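> Fold the following.
(one chain, ligands or ions: 1)
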Amino acid sequence: MADPMIEHLVALHRGLPRQGPGDTASTQKALELCAGLPSASQILDIGCGSGAQTLVLAEATQGTVTGVDLHDAILQGLTDEAARRGLTARVKAVRGDMTALPFPEESFDLLWSEGAIYIMGFDAGLDAWRPLLRAGGCLAVTELSWLTPNPPAEASAFWAEGYPAMRSIEANLAGAEAAGFEVVGHFVLPARTWTDEYYGPLAARLDPYLAEHPGDAVAEAVVAGTREEIAMYERFGDTYGYVFYVLRRSD
Ligand code: SAH
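The predicted model follows:
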């Protein structure tokens, strides 16, 4: 990990309950849409972070859940919590890169990814991951999406820099179909998945983080960028959000 900005982002997010918007109820709701899973499913959670949703999937199924993340420091949270909950036999934490996942084709019944497919882009992620899925298997992802056709200029400008590939729900549904999936369902994650579940714990970490890194300009920039993102959501969070897209491989 050579990029000091990424190092600070990882260090800032390590130890948080989750590294992006989401909550248990939304994970469960998306899982319920994936009807017809085998009882001992093979599940892959891509960009799992410290595994908040990985553990929900393990607890809600009889399956084996493999969580993949690029960063060991963050994966450790999943390993520790799986052990604490007695789930070590069914939860695997694997260090890996989502752009080159180290698994054979058609080895999973269910692919999962919350708050991480943006790293590749929605279409590129779906294309790269589809071969890992057995015919008829499900893929559930959350993706940052515009909720309004005419976003306010300030929000537009902010995300044009932060995530220029961000699209409308309709465009993502069309992208999913073009990538060889049928849409089982989709829903917008509630605002509290941002405020209570993610930004609350993150905001509480910012001043202590600065105190741990006195005079570190990169740490200051990462904290300032985070504050800006949180402020943007406070003002314009009704115009964009995370959307759960639940898809089935069509053959
Ligand atoms: N799913 C978790 C984490 C989302 S944050 C949650 O919702 O809480 C995105 C995660 O993707 C981070 O944990 C980050 O370490 C990981 N990540 C970043 N680049 C990656 C890559 N190339 N391959 C796999 N994981 C990656």
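> list the contacts for Trp146?
With contacts defined as C-beta atoms under 8 Å, 6 or more residues apart in numbering, the neighbours of Trp146 are Met166, Arg167, Ser168, Ile169, Thr239, Tyr240. Using the backbone N, CA and C atoms, a C-beta is placed for each residue, glycine as well.
> Tell me, how many residues neighbour Ala157?
If you count neighbours by other C-beta atoms under 10 Å, Ala157 ends up with 12.
> ok, now how distant is it from the ligand?
Ala157 sits at a distance of 23 Å from the ligand (criterion: C-beta to the nearest ligand atom, to the nearest Å).
> so that residue, which of the three states?
The local conformation at Ala157, judged by DSSP: H, G, I helix; E, B strand; the rest coil, is helix.
> Tell me the one among the contacts of Trp146 nearest to the ligand.
Nearest to the ligand among the contacts of Trp146 is Met166, at 15.6 Å by C-beta to the nearest ligand atom.
> what's around that closest one, how many residues?
Close neighbours of Met166, defined as other C-beta under 10 Å, add up to 20.
> Then the one 4 residues further on?
When neighbours are defined as other C-beta under 10 Å, Glu170 has 11 of them.
> Which element, helix or strand, includes it?
If you go by DSSP states H and E, Glu170 is part of helix 169-178.
> Might one say that Pro102 is in contact with Leu132?
No: the criterion here is C-beta atoms under 8 Å, and Pro102 misses it with Leu132 at 10.4 Å.
> Give me the distance between the residue lying closest to Pro104 once chain neighbours are set aside and the ligand.
Spatially, and ignoring its direct neighbours in sequence, Pro104 is nearest to Leu132 (8.0 Å; C-beta to C-beta, 6 or more residues apart in numbering). For Leu132, the distance to the ligand under the criterion C-beta to the nearest ligand atom works out to 14 Å.
> if I look at Leu132, how far off is Gly185?
If you measure Leu132 against Gly185 using C-beta to C-beta, to the nearest Å, the figure is 21 Å.
> likewise Tyr240?
Tyr240 sits 20 Å away from Gly185, taking C-beta to C-beta as the criterion.
> With neighbour numbers in mind, choose between the two.
Set Tyr240 next to Gly185 and count neighbours by other C-beta under 10 Å: Tyr240 wins out with 24 against 14.
> what's around the residue in the stretch 1-150 of the chain that the ligand sits nearest to, how many residues?
Residue nearest to the ligand within the stretch 1-150 of the chain: Gly49 (2.7 Å; C-beta to the nearest ligand atom). In terms of burial, Gly49 registers 26 neighbours under the definition other C-beta under 10 Å.
> Next up, the contacts around it.
Contacts of Gly49 by C-beta under 8 Å, 6+ apart are His13, Arg18, Gln19, Gly20, Asp69, Ile74, Gly77, Leu78, Gly115, Ala116.
> Now the residue in the stretch 151-251 of the chain that the ligand sits nearest to: phi and psi?
In the stretch 151-251 of the chain, the residue that lies nearest the ligand is Tyr198 (7.7 Å; C-beta to the nearest ligand atom). Main-chain torsions, Tyr198, degrees, to the nearest 10: phi -110, psi -60.
> which ones are touching it?
Taking C-beta under 8 Å, 6+ apart as the criterion, Tyr198 is in contact with Leu16, Arg18, Gln19, Gly20, Pro21, Gly22.
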